[in-house]
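# All I have is the shape, not the residue letters:
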């Protein structure tokens with residue numbers, strides 16, 4: 001299994017959201033994901049099944065919107081509407097608010113978080 005919590009970047013400026021979205025620094029989302037990995041390591045919620053709305057091989061803007069929607073429905077302090085990661089994704093997604101969730105495959109929460117982490121690294125480390 002891939003390790004999804006480690007990251008290193010030589011140029012943090014390349015991790016800023018693109019101009020069509022929020023100017024939220026994506027390193028903050030990566031930091032939050034790393035924190036969640038530690039917090040959820042022994043918590044039963046990490047194995048909670050949720051819809052697979054993001055794939056590390058298909059990193060599209062609408063997938064970030066879908067992740068936000070799915071995570072906001074998890075009954076845990078780290079998520080919900082006011083959870084830090086959900087707030088960060090909401091800010092990043094900005095006007096990309098009209099995403100529909102058609103996926104039906106469920107995976108453990110930690111898989112979606114790992115795929116989100118990988119997508120953020122891939123998409124913005126190449127800028």
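Received it, and whenever you're ready, just let me know what you need. What you see is a predicted model; the values in this text were computed from it and never measured. Numbering: from 1, shown residues only.
# use CA for all of it now, contacts and neighbours both
Noted.
# What is the burial count for residue 80?
19 (other C-alpha atoms under 10 Å).
# Name the nearest residue to residue 110, ignoring sequence neighbours.
residue 46 (5.3 Å; C-alpha to C-alpha, 6 or more residues apart in numbering).
# The one you found is in contact with residue 109, isn't it?
Yes. The criterion here is C-alpha atoms under 8 Å, and residue 46 meets it with residue 109 at 5.3 Å.
# mind checking the backbone torsions on residue 104?
phi -130, psi -10 (degrees, to the nearest 10).
# distance between the biggest helix by length in the chain and the chain's centre?
Using DSSP state H, we find that the single longest helix of the chain is helix 109-125. Helix 109-125 sits 6 Å away from the centroid of its parent chain (C-alpha atoms, centre = their mean, to the nearest Å).
# Which elements pack onto it?
helix 26-40, helix 61-72 (3 or more C-alpha pairs under 8 Å, 6 or more residues apart in numbering; DSSP states H and E).
# for the ones you listed, which one sits closest to residue 98?
Nearest to residue 98 among the helices and strands packed on helix 109-125 is helix 61-72 (8.0 Å), distances taken as C-alpha to C-alpha.
# could you give the angle of that closest one to helix 109-125?
Relative orientation of helix 61-72 and helix 109-125, computed by axes from the mean of the first three to the mean of the last three C-alpha atoms, to 10 degrees: 150 degrees.
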